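**Student:** Below are the sequence and a predicted model; questions follow.
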Amino acid sequence: MQKIKSLKDLTLLNRFLFAEAMDDPVNMRNLLEIILGREIVLKELPQTEKEQRSSPLHKYVKLDVWAVDEEENVYDTEPHQGEREPLPKRSRLYQGMIDSKLLEAGEVDYTRLNNVYIIVITPYDVFGLGKYRYTFRMSCQEEPGLDLQDGAERIFLNTRGTNKDEVSPELVELLNYMENTNTAAVAENGKVREIQKRVEAIKSSEEVGVKYMQAWEEKVLERQAGRQEGMEEKLKIMTEKKWRKGKTPEQAAEDLEEDLEVIQKIYKELEQERQGEKA
């Protein structure tokens, strides 16, 4: 079993600590103001792990931290510290999921669509050009300088950028703190320092410590359940092959070295499914 890190050893790139910290509207506001370089007034409290699904049958995603400001701009902020992922396409999925929820059913005035900012923060360079920040908006290839102005913006932040002269010192300090939360010196920037103080308070909270352990245990149980579900599905597929070949439950159980009662149960389910198809 994977060894759990203690709460005090987490960095702000950890999804649990990030969500816990950005649940505080002051932290969320400070973070967004540093990243976007403008004043932001949040309309409502941030939401963490907000589920988005276009249909009960479709894939869902959990947005790490979701916020809306007084101008109805929507912000989704996601840290990613694990294995490299196809983050550009993942961000496209996020944008589509968010857009699908912004208008009421039957609404035809698309000018009512909120501006959406998707912000992804990583301890590696997604595009390999050494920049702290990569900002993407839709633009016309045939006419340089012509933006689509669809209100969508995707920002990828790299904590290990090298172009300090092209971004604000506050952003550099914030990104350094996010990756090196446990070793960073006291921040010079007031907003980063305020985030720092609040994160330290979270790490020393016994209540948050219990919540962290519970969240970790739930994930372990989910993984175990997923593995068990996968094993059960595999057994059902193998049993169905035996069933289709006309083998008896006893023969299938012997071939698969499985308990007869388990195989009989699967055979019964397969028969019921076949009867349902005929009905």
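**Tutor:** Okay, I see it. Numbers count the residues shown, from 1 in each chain.
**Student:** CA atoms only for the strand or helix carrying E261 - export them in CSV, please.
**Tutor:** Assessed by DSSP states H and E, E261 sits inside helix 260-278. Output in CSV follows, covering the C-alpha atoms of helix 260-278 (Å, rounded to 0.1, in the frame of the first residue of the first chain):
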residue,chain,number,x,y,z
LEU,A,260,-19.4,-23.1,-8.6
GLU,A,261,-21.8,-20.8,-6.8
VAL,A,262,-20.2,-17.7,-8.3
ILE,A,263,-20.3,-19.2,-11.8
GLN,A,264,-24.0,-20.3,-11.3
LYS,A,265,-24.9,-16.7,-10.3
ILE,A,266,-23.2,-15.3,-13.5
TYR,A,267,-25.0,-18.0,-15.6
LYS,A,268,-28.3,-16.9,-14.1
GLU,A,269,-27.6,-13.2,-14.9
LEU,A,270,-26.6,-14.1,-18.4
GLU,A,271,-29.9,-16.1,-18.9
GLN,A,272,-31.9,-13.1,-17.5
GLU,A,273,-30.1,-10.7,-19.9
ARG,A,274,-30.9,-13.0,-22.8
GLN,A,275,-34.6,-13.3,-21.8
GLY,A,276,-34.7,-9.5,-21.5
GLU,A,277,-33.4,-9.1,-25.1
LYS,A,278,-36.1,-11.5,-26.4
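**Student:** Show me which residues of it are buried.
**Tutor:** 263-264, 266-267 (16 or more other CB atoms under 10 Å). Bear in mind the C-beta positions are built from the backbone N, C-alpha and C, glycine included.
**Student:** As JSON lines, the residues you listed with pLDDT would be great.
**Tutor:** Shown next, in JSON lines, are the buried residues of helix 260-278 (pLDDT from 0 to 100):
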{"residue": "I263", "pLDDT": "88"}
{"residue": "Q264", "pLDDT": "90"}
{"residue": "I266", "pLDDT": "90"}
{"residue": "Y267", "pLDDT": "91"}
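**Student:** for these, which one is nearest G161?
**Tutor:** I266 (54.5 Å; CB to CB).
**Student:** now that closest one: how far from Q251?
**Tutor:** Separation of I266 from Q251 (CB to CB, to the nearest Å): 13 Å.
**Student:** Run through the helices of this structure in chain order.
**Tutor:** In the chain, the segments counted as helices under DSSP state H are 15-22, 25-36, 87-102, 169-179, 190-203, 206-244, 249-256, 260-278.
**Student:** Contacts for stretch 119-133 next, please.
**Tutor:** For stretch 119-133, contacts defined as CB atoms under 8 Å, 6 or more residues apart in numbering pick out 13, 35, 75-81, 84, 87-88, 91, 134, 154-164, 166-167, 171-172, 175, 178-179.
**Student:** And for stretch 68-78?
**Tutor:** 22, 28, 31-32, 40-44, 63-67, 94, 98, 102, 114-121.
**Student:** Just the buried residues of those residues.
**Tutor:** Looks like the contacts of stretch 68-78 have 22, 28, 31-32, 40, 42, 63-67, 94, 98, 114, 116-121 buried, using 16+ other CB under 10 Å.
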